[in-house]
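[1] have a look at this prediction, sequence included:
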Amino acid sequence: MGPLLIILTLMLLVGLGLPLGWLTRPARALLPRLRPAPPPAPTGPPIERLAANLRRLDGELRQYAVAGPLPGKRTRMTAAQQAYEDLLVQACHALEVDQHLSGLRGPQRTREVHRIEAALAAAGLSIAAAAR
């Protein structure tokens with residue numbers, strides 16, 4: 001009978017228009033502590049889109065490697081390779097994989113790209129560029 005009496009008393013006080021803010025203050029102070037913090041918002045494109053673009057560019061680079069002479073082939077290959085490496089860096093950021101592409105040139109850069117591809121594959125993002 002005790003809880004019923006408390007509820008009826010509160011209903012009577014609300015019905016009379018008395019301010020009851022002092023009753024809800026402790027609950028409002030406790031509520032943010034009980035709610036879990038929202039997960040951090042992603043800062044880049046979705047990993048699915050990165051993976052699709054990486055696979056598409058990998059396919060283009062493979063085609064350029066076996067294709068005969070084409071007008072503007074070197075320019076297209078350079079642009080595709082730069083875009084591919086930019087996407088690799090974004091994928092590394094999204095999956096928290098270490099990468100050191102900036103400042104590397106030539107064979108060292110190629111080795112780092114292969115290392116990143118292997119690290120991303122180990123993290124679950126297979127690009128299928130290992131045969132390149």
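    Thanks, I have the structure now.

[2] tell me the pLDDT of residue 21.
    You'll see residue 21 listed with a pLDDT of 69.

[3] scan the protein for its longest helix.
    helix 73-95 (DSSP state H).

[4] let's verify residue 101: helix, strand, or coil?
    Secondary structure assignment for residue 101 (DSSP: H, G, I helix; E, B strand; the rest coil): coil.

[5] if we can go back for a sec, what pLDDT, on average, does the longest helix of the chain get?
    Helix 73-95 shows a mean pLDDT of 94.

[6] mind listing what's buried in stretch 106-120?
    Neighbour counts using 16 or more other Cβ atoms under 10 Å place 109, 112, 113, 116, 117, 119, 120 of stretch 106-120 among the buried residues. Yep, even glycine has a C-beta here, placed from its N, CA and C like the rest.

[7] could you check how far the third one is from residue 49?
    Between residue 113 and residue 49 the computed distance is 20 Å (Cβ to Cβ, to the nearest Å).

[8] helices or strands up against the longest helix of the chain?
    When contacts are defined as 3 or more Cβ pairs under 8 Å, 6 or more residues apart in numbering; DSSP states H and E, helix 73-95 packs onto helix 47-66, helix 106-122.

[9] can you redo those helices as a markdown table with distance to residue 83 and mean pLDDT?
    Shown next, in a markdown table, are the helices and strands packed on helix 73-95 (distance: least, Cβ to Cβ, whole Å; pLDDT from 0 to 100):
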| stretch | distance to residue 83 | mean pLDDT |
| --- | --- | --- |
| helix 47-66 | 6 | 93 |
| helix 106-122 | 13 | 95 |
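
[10] need those in JSON lines with distance to residue 40, can you?
    Formatted as JSON lines, these follow (distance: least, Cβ to Cβ, whole Å):
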{"stretch": "helix 47-66", "distance to residue 40": "15"}
{"stretch": "helix 106-122", "distance to residue 40": "21"}
